[in-house]
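> 3D model of this:
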Amino acid sequence: MRNVGSGPAAEQLDMALRLAFFRDSRCISLHHEILDIASGCDRVDTDALA
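All right, here's what the predicted structure looks like:
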């Protein structure tokens with residue numbers, strides 16, 4: 001079962017958001033951007049995050 005707040009899921013999402021912001025210049029303050037980035041994280045439950 002995937003989780004939003006678990007350690008590994010949180011770490012994976014944190015790294016994905018950092019890369020999206022710093023490397024890809026994505027606007028991570030927008031909800032749909034966060035969900036799009038989270039959808040690429042296999043440990044994150046994007047439905048729960050939404």
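> quick check, central residue of this protein?
Residue closest to the average C-alpha location in the chain (C-alpha atoms, centre = their mean): A38, at 3.1 Å.
> list the residues that contact it.
The neighbours of A38, taking C-beta atoms under 8 Å, 6 or more residues apart in numbering as the test, are L13, A16, V44, T46, L49. The C-beta positions use only the backbone N, C-alpha and C, and glycine is treated the same way.
> export those residues to a markdown table and tack on pLDDT and neighbour count?
Shown next, in a markdown table, are the contacts of A38 (pLDDT from 0 to 100; neighbours: other C-beta atoms under 10 Å):
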| residue | pLDDT | neighbour count |
| --- | --- | --- |
| L13 | 96 | 21 |
| A16 | 98 | 18 |
| V44 | 92 | 24 |
| T46 | 92 | 17 |
| L49 | 91 | 18 |
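> and the pLDDT for V4?
Confidence at V4, expressed as pLDDT, is 53.
> and the helix or strand bottoming out on mean pLDDT in the chain, C-alpha only, in PDB?
The helix or strand of the chain with the poorest confidence is helix 46-49; it has a mean of 91 (mean pLDDT, DSSP states H and E). Extracted C-alpha coordinates of helix 46-49, given in PDB (Å, rounded to 0.1, in the frame of the first residue of the first chain):
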ATOM      1  CA  THR A  46      -1.600  10.800  -5.500                       C
ATOM      2  CA  ASP A  47      -5.300  10.200  -4.800                       C
ATOM      3  CA  ALA A  48      -4.700  10.700  -1.100                       C
ATOM      4  CA  LEU A  49      -2.500  13.700  -1.800                       C
END
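> how far does it sit from its chain's centre?
Average the C-alpha atoms of helix 46-49, do the same for its chain, and the two points are 10 Å apart (C-alpha atoms, centre = their mean, to the nearest Å).
> who are the packing partners of it?
Taking 3 or more C-beta pairs under 8 Å, 6 or more residues apart in numbering; DSSP states H and E as the contact definition, the neighbouring helices and strands of helix 46-49 are helix 31-38.
> just the buried residues of the helix it packs on, please?
By 16 or more other C-beta atoms under 10 Å, the buried positions in helix 31-38 come out as I34, I37, A38.
> CSV please, covering those residues and showing pLDDT and distance to F22.
Supplementary listing: those in CSV, determined by pLDDT from 0 to 100; distance: C-beta to C-beta, whole Å:
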residue, pLDDT, distance to F22
I34, 97, 15
I37, 98, 13
A38, 97, 17
